[in-house]
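Peer 1: Starting from these lines, generate the structure:
(one chain, ligands or ions: 1)
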Amino acid sequence: NFETKSECANRLHHWVEKNRRYTEEGTCASYIPALRHADPHQLGVCIIGHDGEIIKGGEADVVFTMQSVSKVISFMAVCLTHGLAYVLKHVDVEPTGDPYNSIMRLELKKPARPFNPMINAGAITVASLLPGVTKEEKFAGLLDVLEMLLGRRPSVDEAVFFSERETAHYNFALAHFLKAEGFLKCGVEDAIDIYLRQCAIEVTTEDLARIGLVLACDGYDPLCSKQVLPSELARLTKAVMLTCGMYNASGKFAAFVGAPSKSGVSGGIMTAVPPRRHKVTPFHNGCGIGIYSPAIDEAGNSAAGVKLLQHISAEWELSVF
Ligand code: GLN
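Peer 2: Modelled structure (predicted):
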């Protein structure tokens, strides 16, 4: 009811202001020149519940680029196209404990199948598997899935895309290695182009909360009463998010937040909170959460965003465990 909703919104506002100080514990990603200009003190959150109710706190309406949050979408897109068995031949679903752009494990075991789709090596491979032949077709295949989830076709921040491509040496190194090992289904230049373009897709916290909600509901979109993703795919994606979505901080995140999430270096986090039985806390029927706070920690996760999620999770018992 309305009172409950406004009370939840008040509490959320309060928690945002309480956790804003943690923005000081991170810095904006500077290796992508265009991200340097973000305001490091911003912290915004949007939560969408099962019945469509939305509450927001802080700078929830800022437009930012998805960065690695897009890896969830491209993974689902290739699974929808090729089926899981084929996708698993190209990328595993095992966490690494390494930084997201690490090349180290590709050389440990030949053939160099990337460990999971949430790290750059896996995501570049996945980008090359998108349906279609040209890079334009492949990118359109990813936008199709996003459009199905968001109800609109999102735009790309071309400045962020070009600025990252100038400095994408690690990603090019990964792509060349993967190409040499036979894992890329298109050329190196095209794979990087698709991957960096997907990272530059523009969203708000509300968009991330919407996708989080669909995942929370096992692929069912309660806002338009439609099963938009197969439930097995939604569950698998949540498992990969929980084990790999916060990179080498995924273990601590599972322990202290306990909900499948994916972060990006622009400071976004997308969280899926599945329904919790026998609970009467707010959002016990499941919800999606979108966070934006561009100052990131050393693992590449939004510093204040993680703290805020921890706070919300503790107060409203959002952990799946
Ligand atoms: N575009 C970024 C990169 O490839 C995405 C990484 C991230 O968000 N962690 O480095």
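Peer 1: tell me the contacts of V91?
Peer 2: Contact analysis of V91 by C-beta atoms under 8 Å, 6 or more residues apart in numbering lists 113-117, 122, 125-126. For every residue, glycine as well, the C-beta is placed using N, CA and C.
Peer 1: no, scratch that, I was asking about G267
Peer 2: Per C-beta under 8 Å, 6+ apart, neighbours of G267: 28, 38, 42, 64, 291-296, 302, 305.
Peer 1: residues in this structure within reach of the ligand, list them.
Peer 2: Within the chain, the positions near the ligand by C-beta under 6 Å from any ligand atom are 67-68, 100-101, 120, 164, 171, 199, 264-265, 300.
Peer 1: Can I get those residues in JSON lines including neighbour count and secondary structure?
Peer 2: Putting the residues of the chain next to the ligand into JSON lines (neighbours: other C-beta atoms under 10 Å; DSSP: H, G, I helix; E, B strand; the rest coil) gives the following:
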{"residue": "Q67", "neighbour count": "28", "secondary structure": "helix"}
{"residue": "S68", "neighbour count": "26", "secondary structure": "helix"}
{"residue": "Y100", "neighbour count": "25", "secondary structure": "coil"}
{"residue": "N101", "neighbour count": "19", "secondary structure": "coil"}
{"residue": "N120", "neighbour count": "24", "secondary structure": "helix"}
{"residue": "E164", "neighbour count": "26", "secondary structure": "helix"}
{"residue": "N171", "neighbour count": "22", "secondary structure": "helix"}
{"residue": "C199", "neighbour count": "28", "secondary structure": "helix"}
{"residue": "G264", "neighbour count": "27", "secondary structure": "coil"}
{"residue": "V265", "neighbour count": "23", "secondary structure": "coil"}
{"residue": "G300", "neighbour count": "21", "secondary structure": "coil"}
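Peer 1: From these, pick the one nearest G49.
Peer 2: Using C-beta to C-beta, G264 comes nearest to G49 of the residues of the chain next to the ligand, at 23.6 Å.
Peer 1: in the stretch 51-200 of the chain, which spans are helices?
Peer 2: Using DSSP state H, counting those that start in this stretch, the helices of the stretch 51-200 of the chain run over residues 70-82, 84-90, 120-129, 135-150, 158-166, 169-180, 188-199.
Peer 1: Thank you, goodbye.
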